[in-house]
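**Q** just a sequence and a predicted model for now, questions to come.
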Amino acid sequence: MRDDYLKEAKTVIKDPNVLINVVSRRVKQLKRGSRPLVESLEKLSLEDVALREVIEGKITFELAGK
C-alpha cells in the first residue's frame, strides 16, 4: 500500500476506521471481479486501486444511523 495514497485518502475520509472499512470492502469487490473505477498506467495493488477511488471521489460511504 502506497503511503502517499494513504495520506491523501485520509484527507477525504478523516476517520481511519471508516477508511479501513471502505477500502477493505472495495478490495473484496475488486477480488470478486468488479471493474476498477480508476485507470492507471502502472500496476497497482487492489488496495491502492481502492485508495485511488476514494481520493478521486469515485466511491462514497454512508454511516448507518443510530
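**A** Perfect, thanks for sending it.
**Q** how about the lengthiest helix in the chain as PDB, C-alpha atoms only?
**A** With DSSP state H setting the assignment, residue counts place helix 16-31 as the longest helix in the chain. Taking Å, rounded to 0.1, in the frame of the first residue of the first chain, the C-alpha atoms of helix 16-31 are listed here in PDB:
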ATOM      1  CA  PRO A  16      -9.200   5.900  10.000                       C
ATOM      2  CA  ASN A  17     -11.700   3.100  11.000                       C
ATOM      3  CA  VAL A  18     -14.100   4.200   8.300                       C
ATOM      4  CA  LEU A  19     -11.300   4.400   5.800                       C
ATOM      5  CA  ILE A  20     -10.200   0.900   6.600                       C
ATOM      6  CA  ASN A  21     -13.700  -0.400   6.300                       C
ATOM      7  CA  VAL A  22     -14.400   1.300   2.900                       C
ATOM      8  CA  VAL A  23     -11.100   0.200   1.400                       C
ATOM      9  CA  SER A  24     -11.400  -3.400   2.600                       C
ATOM     10  CA  ARG A  25     -15.000  -3.700   1.300                       C
ATOM     11  CA  ARG A  26     -13.900  -2.300  -2.000                       C
ATOM     12  CA  VAL A  27     -10.900  -4.700  -2.200                       C
ATOM     13  CA  LYS A  28     -13.300  -7.600  -1.700                       C
ATOM     14  CA  GLN A  29     -15.500  -6.300  -4.500                       C
ATOM     15  CA  LEU A  30     -12.400  -6.000  -6.800                       C
ATOM     16  CA  LYS A  31     -11.300  -9.500  -5.900                       C
END
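**Q** what sits up against it?
**A** Helix 16-31 is contacted from outside by 9-10, 13, 36, 46-47, 49-51, 53-54, 59, 61, 63, using CB atoms under 8 Å, 6 or more residues apart in numbering. Glycine gets a C-beta too; all of them are placed from N, C-alpha and C.
**Q** helices - which of those residues land there?
**A** Filtering the contacts of helix 16-31 for helices - DSSP H - leaves 9-10, 46-47, 49-51, 53-54.
**Q** distance of Lys10 from Glu42?
**A** 21 Å (CB to CB, to the nearest Å).
**Q** could you do Arg26 as well?
**A** From Arg26 over to Glu42 (counting by CB to CB), the distance is 19 Å.
**Q** thanks a lot, see you next time.
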